[in-house]
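Engineer: for reference, the sequence and a predicted model appear below.
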Amino acid sequence: MKTIVKILAASFVAGSALSAVTVMAQDYPNQPVTIVVPFSAGGPTDTVTRLVAAAMSEDLGQQVVVQNVGGAGGTLGAGQVAAAANDGYTLLLHHIGMSTAPALYASLPYDPMTDFAPIGLVTEVPMTIVARKDFEPASLEDLIAHVKANGEDVTYANAGIGAASQLCGMLFMNALDTKMTEVPYQGTGPAMTDLLGGQIDMMCDQTTNTTSQILAGEIKAYAVTTPERIAVLPEVPTMAEGGVENFELAIWHGLYAPAGTDQAIIDRLSASLQKALADETVGNSFAELGTYPVPASQATPAALAQKLEGQTALWAAVIADAGIAAQ
Ligand code: ASP
């Protein structure tokens with residue numbers, strides 16, 4: 001008898017817990033949602049996130065607040081979200097670094113594949129190789145010769161190990177078989193300030209952080225990392241045009257929740273992301289920054305999960321091939 005009572009009591013508790021989750025999902029969101037950007041304010045990830053967050057706020061009927069948690073190439077912010085409550089109120093917008101960090105960090109405090117619930121892809125952004133306005137080299141060919149001749153006398157800004165800027169610099173140094181002095185920042189927003197001020201020589205960063213400065217003539221641009229030149233920067237050659245073959249890099253971004261978030265909440269967020277990416281203002285702002293929103297079919301949990309898995313395998317092989325050891 002006692003056993004039956006216990007079983008009944010246990011199933012009653014399980015039943016009410018289940019319905020509490022269902023009610024929570026139906027009611028979602030009933031308070032502001034935070035998207036953690038794992039880099040400083042004013043940088044490219046921040047810019048993309050703020051545009052998407054504003055459109056999602058309208059759709060969700062709740063404020064979508066952006067919180068910048070920069071440091072350690074994006075791994076601090078990602079780690080914070082991995083450990084956050086899986087109630088749909090703390091999300092992460094991160095880029096390609098989700099797939100490179102496992103190969104670059106000997107002990108990463110989270111597993112990108114199992115500690116997150118993917119919501120959807122957001123955008124793919126070309127990179128640009130840029131330098132302070134008065135940096136001597138006039139073309140990509142000159143830049144290559146200059147970096148080879150001056151090595152560690154050349155300073156190169158990045159956003160820490162695992163950042164897109166660090167990945168691009170690593171590939172560039174590898175292609176040239178030389179080393180520059182890398183200067184880490186919490187994001188490439190502050191790095192751009194130093195590039196504009198002439199305190200640092202070079203950077204490779206996304207068009208979402210470099211286009212307006214290039215067009216204003218405030219920094220020098222040597223190359224884009226796409227196979228073709230891009231519409232907003234028609235004067236800037238591709239890496240291949242400058243003689244560097246097989247150097248193509250597009251920085252993909254995704255939106256994630258902590259693992260275990262209720263599927264109804266993930267679906268609600270994915271629908272909201274798709275709506276935000278179809279928004280004309282978002283599309284126009286992305287285009288002005290040299291990028292584009294992904295189509296709705298890519299702003300889905302399945303598409304992001306597939307991208308993360310494929311890219312993690314690809315970058316692990318590239319990084320191993322380049323002889324770069326995890327730190
Ligand atoms: N996108 C930059 C990077 O990974 C960081 C940032 O968004 O500030 O280099």
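Structural biologist: Nice, I can see it.

Engineer: remind me, longest strand of the protein?
Structural biologist: Taking DSSP state E as the criterion, the chain has its longest strand at strand 116-132.

Engineer: what strands line up against it, and which way round?
Structural biologist: Paired with strand 116-132 in the same sheet, following DSSP bridges, are strand 202-206 (antiparallel), strand 219-224 (antiparallel), strand 250-258 (antiparallel), strand 292-293 (antiparallel).

Engineer: quick check, it touching the ligand?
Structural biologist: No - against the ligand, strand 116-132 shows no contacts by Cβ under 6 Å from any ligand atom, the least distance being 8.3 Å. Every C-beta, even on glycine, is put in place using the N, C-alpha and C of the backbone.

Engineer: about what we covered before: okay, the strands paired with strand 116-132, which one's buried deepest?
Structural biologist: Mean neighbour count (mean count of other Cβ atoms under 10 Å) peaks for strand 202-206 among those, with a mean of 29.

Engineer: show me the helices in the stretch 201-327 of the chain, by range?
Structural biologist: 207-215, 263-278, 280-288, 301-321 (DSSP state H, counting those that start in this stretch).

Engineer: averaged pLDDT, stretch 25-34. What do you get?
Structural biologist: Stretch 25-34 shows a mean pLDDT of 93 in the predicted model.

Engineer: which residue does the stretch 1-150 of the chain have closest to the ligand?
Structural biologist: Closest to the ligand within the stretch 1-150 of the chain is G43: 2.5 Å, counting by Cβ to the nearest ligand atom.

Engineer: ok, that residue - contacts?
Structural biologist: The contact partners of G43, taken as Cβ atoms under 8 Å, 6 or more residues apart in numbering, are A159, G187, T188, G189, P190, A191, M192, N209.

Engineer: excluding chain neighbours, what is closest to it?
Structural biologist: Leaving aside its sequence neighbours, G43 sits nearest to G189 (Cβ to Cβ, 6 or more residues apart in numbering; 3.5 Å).

Engineer: say whether the ligand is contacted by the host helix or strand of that neighbour.
Structural biologist: Here G189 is covered by helix 188-196, with elements defined by DSSP states H and E. Yes - using Cβ under 6 Å from any ligand atom, helix 188-196 reaches the ligand at T188, G189.

Engineer: list the buried residues of that helix.
Structural biologist: Neighbour-count burial for helix 188-196, with 16 or more other Cβ atoms under 10 Å as criterion, is recorded at T188, G189, P190, A191, M192, D194, L195.

Engineer: how about the residues of this structure near the ligand?
Structural biologist: 39-40, 43-45, 158-159, 163-165, 187-189, 205-206.

Engineer: low-confidence ranges, the protein, go.
Structural biologist: Applying pLDDT under 70 to the chain flags the ranges 1-24.
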